[in-house]
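> Fold the following.
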Amino acid sequence: MKKILTILLGTVMAMTVQAQMQTLQNEEEKDSTIAVIAYYCLNDTMEYQRTHGKMKIIDNDTTMMGEITERFMIIVTDSTDKGYVMEMIPQSCEVEDDSNNYEMRMASVVWKHLKDLRCRFSTDELGQVQHIENWREIRDVLKKSYTEAFDSIYTTIPGLDSIMPRKQLESLILLGCSTEDGIKEQYDELDMLFGFHGKEVTMQPVESDDVSEAGFPTHSRIESFYPAPEDEQDIEGDYVIQARVDSRIEGDDVKDLISGIMGTIFTGEVSDSVSKYTNIALSDSKTGITTTNLEQYCYFFNGWPKLMQKIVQINVGDMVRRFEYDTVEWLSRRWQ
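Numbers count the residues shown, from 1 in each chain. Purely as a prediction, here's the structure:
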């Protein structure tokens, strides 16, 4: 039951952190700033590796929940005064899953379908992603891959449909990839690489106490700077953006949030059981969820992404600590 609770709470906190990050970006001061601007050329090529994993700690017992390592290449296929057209080309994908995590199993199936499919996207002149040109083609492939993944999962886990009805879960996921915006969310590495393009970030640290869009208190800090070179691959003019967001949801609010989303995925008896467990676990008014979201975005002088890192730590009272890490790092470059 703790595993189910942790998954749900992680989802809730991720939404509030992302919303607060956007609010902080909009409030940046304009003096002494660094602007993230793309200066690309036709046929510029970058190769990247992404490592994304999760772990949890319960009573000093650490459990890996899986890790995915992907390699992909990005090529500029057109460059005009209005922006750039680029292709993201899959290279390889390795999935490590010691806990039989359903997310990892789905990733393996989805990769089989996407490994030969290029994502063609366009940006504005500053490098911010505007459109995924072949999103309909990607949508059709994703829907096929998700259906195959659910076939595999629900066939090999007896009784799963009575706990988590396939029809409801599959409908939610398929709905998420039915539009261009939904496909953009599926390709979240594009947001990691190009999400700050077109924005200015102050070099003087800016801190803010605010309330997230979901209505919970947050404390945020963001800054940018030019780092000292550490190796021969660093170039004068490379720059870094760092951000941190701390947020908290009190126990009573957590119970209300979980009660509101339980019926979307689970059947009545399971929903009632998890809600009952949550009420007991969070009965102490001091018990709640705290989260720390650390993000670092490193760029070459010309705006090409260099190293992107996200670490999220979620504490559920004294019961559970959950960590999620996501890194995209450059491997090779060929610039014109």
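
> what are the ranges of the helices in the stretch 151-300 of the chain?
160-163, 166-175, 180-186, 188-194, 251-265, 268-281 (DSSP state H, counting those that start in this stretch).

> buried stuff in the helix or strand where Ser79 lies?
Using DSSP states H and E, Ser79 falls within strand 61-80. By 16 or more other C-beta atoms under 10 Å, the buried positions in strand 61-80 come out as 65-68, 70, 72-76, 79. Glycine gets a C-beta too; all of them are placed from N, C-alpha and C.

> Among those, which has the minimum pLDDT value?
Ranked by pLDDT, the buried residues of strand 61-80 bottom out at Met65, which has 80.

> Not counting residues beside it along the chain, what's closest to it?
Residue nearest to Met65 in three dimensions, not counting chain neighbours: Lys54, with 4.0 Å by C-beta to C-beta, 6 or more residues apart in numbering.

> and the one helix or strand the one you found maps to, what other elements does it pack with?
For Lys54, the host element (DSSP H and E) is strand 45-58. Packing partners of strand 45-58 (3 or more C-beta pairs under 8 Å, 6 or more residues apart in numbering; DSSP states H and E): strand 61-80, helix 188-194, strand 320-334.

> Among the ones you listed, which comes closest to Ala243?
helix 188-194 (12.7 Å; C-beta to C-beta).

> now the closest one, how far from the chain's geometric center?
Centre-to-centre, helix 188-194 and its host chain are 9 Å apart (C-alpha atoms, centre = their mean, to the nearest Å).

> List the contacts of Leu126.
36-38, 83, 197-198 (C-beta atoms under 8 Å, 6 or more residues apart in numbering).

> Now the two most distant members of the residues you listed.
Val36 and Gly83 (14.5 Å).

> Put together CSV for the helices and strands packed on strand 45-58, with distance to Gly159 on each row.
CSV is the format used below for those (distance: least, C-beta to C-beta, whole Å):
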stretch, distance to Gly159
strand 61-80, 22
helix 188-194, 32
strand 320-334, 25
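
> closest to Leu174 out of these?
Relative to Leu174, the nearest member of the helices and strands packed on strand 45-58 by C-beta to C-beta is helix 188-194, separated by 17.6 Å.

> packing partners for that closest one?
Judged by 3+ C-beta pairs under 8 Å, 6+ apart, helix 188-194 is in contact with strand 45-58, strand 61-80, strand 119-123, strand 129-132, strand 305-316, strand 320-334.

> Need the contact partners of that helix.
48, 50, 70, 72, 74, 88, 119, 121, 123, 127-129, 184, 297, 305, 308, 310, 326, 328.

> Of the residues you listed, select the buried ones using a PyMOL command.
Remark: buried members of the contacts of helix 188-194, expressed as a PyMOL selection using 16+ other C-beta under 10 Å:
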select buried, resi 48+50+70+72+74+88+119+121+123+127+128+129+184+297+305+308+310+326+328
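
> from the contacts of Leu126, which is closest to Glu96?
His197 (31.7 Å).

> burial of the closest one, as a residue count?
Using other C-beta atoms under 10 Å, His197 has 20 other residues around it.

> Likewise for Ser162?
Ser162: 10 neighbours (other C-beta under 10 Å).

> How about Ile314?
23.

> how much space between the nearest residue to it once chain neighbours are set aside and Gln130?
The shortest distance from Ile314 to any non-neighbouring residue, by C-beta to C-beta, 6+ apart, is to Arg322 (4.4 Å). Here Arg322 is placed at a distance of 34 Å from Gln130 (C-beta to C-beta, to the nearest Å).

> Same check on Glu207?
32 Å.
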